[in-house]
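Peer 1: I need the structure of the sequence given here:
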Amino acid sequence: MYFEGDMVKKDYREAMDWYKKAAKQGHASAQFDLGMMYRKGQGVAQDDREAIKWFRKAAKQGQSEAQYILKVIDKKGQ
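Peer 2: Prediction:
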C-alpha cells in the first residue's frame, strides 16, 4: 500500500521497511519487490549488488520475474 499510494500516502521508505520484513521471512514476491527498489533507488540508495542479492533469493524460490531479470543482467554483464 505504501509503494502504490492508493489507500495511504505513497512512502517508499515505509514500503521498503515492510518489504524487508517480508523478504527476510522468505516471501519471494517481497524479495523481488525489494530487489526492484534497490535497482531503481526507490526509498533507498540505488544499489545493484543488493538488488541482485534479493533477486537471487526470489529466483531460488521460482519467482519468474526475478529469474528473468537475472538472465538479462547476466547477458549485459552487470
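Peer 1: show me the helices in this protein, by range?
Peer 2: Along the chain, the segments classed as helices by DSSP state H run 12-24, 28-40, 48-60, 64-76.
Peer 1: tell me which of those is the most buried.
Peer 2: helix 28-40 (a mean of 22; mean count of other C-beta atoms under 10 Å). To be clear about C-beta, it is placed using only N, CA and C from the backbone, and glycine gets the same treatment.
Peer 1: mean confidence for that helix?
Peer 2: Computed over helix 28-40, the mean pLDDT rounds to 95.
Peer 1: which elements pack onto that helix?
Peer 2: Here helix 28-40 touches helix 12-24, helix 48-60, helix 64-76, going by 3 or more C-beta pairs under 8 Å, 6 or more residues apart in numbering; DSSP states H and E.
Peer 1: give me the low-pLDDT residue ranges for this structure?
Peer 2: For the chain, the stretches flagged by pLDDT under 70 are 2, 4, 77-78.
Peer 1: columns distance to Gly5 on top of the helices of the chain, output as a markdown table?
Peer 2: Compiled in a markdown table, the helices of the chain are given as follows (distance: least, C-beta to C-beta, whole Å):
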| stretch | distance to Gly5 |
| --- | --- |
| helix 12-24 | 9 |
| helix 28-40 | 14 |
| helix 48-60 | 22 |
| helix 64-76 | 21 |
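Peer 1: picking that back up, Lys40 is nearest to which of the helices and strands packed on helix 28-40?
Peer 2: Nearest to Lys40, of all the helices and strands packed on helix 28-40, is helix 48-60, at 8.5 Å by C-beta to C-beta.
Peer 1: please state the offset of that closest one from the chain centre?
Peer 2: 8 Å (C-alpha atoms, centre = their mean, to the nearest Å).
Peer 1: residues making contact with it?
Peer 2: 23, 28-29, 31-32, 34-36, 38-39, 65-67, 69-70, 73, 78 (C-beta atoms under 8 Å, 6 or more residues apart in numbering).
Peer 1: ok, now with 6 Å
Peer 2: Helix 48-60 is contacted from outside by Ala28, Gln31, Phe32, Leu34, Gly35, Tyr38, Arg39, Ala66, Gln67, Ile69, Leu70, using C-beta atoms under 6 Å, 6 or more residues apart in numbering.
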